[in-house]
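Q: Structure, please.
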Amino acid sequence: MSVDKSMNVLIVDDYKTMLRIIRNLLKQIDFNNVEEAADGSEALAKLRAGHYGLVISDWNMQPMTGLQLLQEVRADNRLKDTPFIMITAESKAENVVAAKQAGVSNYIVKPFNAETLKEKIEKVLAHA
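A: Below is the predicted model of the structure:
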């Protein structure tokens, strides 16, 4: 299955270091059209204004969490089918369940590497 690596990817995290890490991992797997948002509200504004083939969002952000962002995306008719990967430091079962119920496409637990990210992206885009 070939993945369109020219698509726009939006990465969302309120921690600049994490944005840099994810951007670098994406670059390693040949995704170069990457935009960043520092929180859920900024991400939502960018999503509504542009076109993204994939969203990779941190779970734990303020004032809008990754889960709230996901719920907003899924509730928006134009955005509801956008592939959405959630990143979290916690692998609590209730978080996984909440994300699944909200319509997350996939889930990555920190720490992770480029290979894990690549596998998750390929899985998500195969179902998109």
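
Q: Below-threshold pLDDT in the chain: ranges please.
A: 1 (pLDDT under 70).

Q: Adjacent strands (with direction) for the regular element (helix or strand) spanning residue 35?
A: Secondary structure from DSSP states H and E places residue 35 in strand 34-37. The pairing partners recorded for strand 34-37 under DSSP bridges are strand 9-12 (parallel).

Q: which residues sit in contact with the spatially most central residue of the chain?
A: Nearest residue to the geometric centre of the chain (C-alpha atoms, centre = their mean): residue 56, 1.4 Å. When contacts are counted by C-beta atoms under 8 Å, 6 or more residues apart in numbering, residue 56 touches 9, 10, 11, 12, 22, 85, 87. (Glycine included, C-beta is placed from N, CA and C.)

Q: Residue 101 too?
A: Contacts of residue 101 (C-beta under 8 Å, 6+ apart): none.
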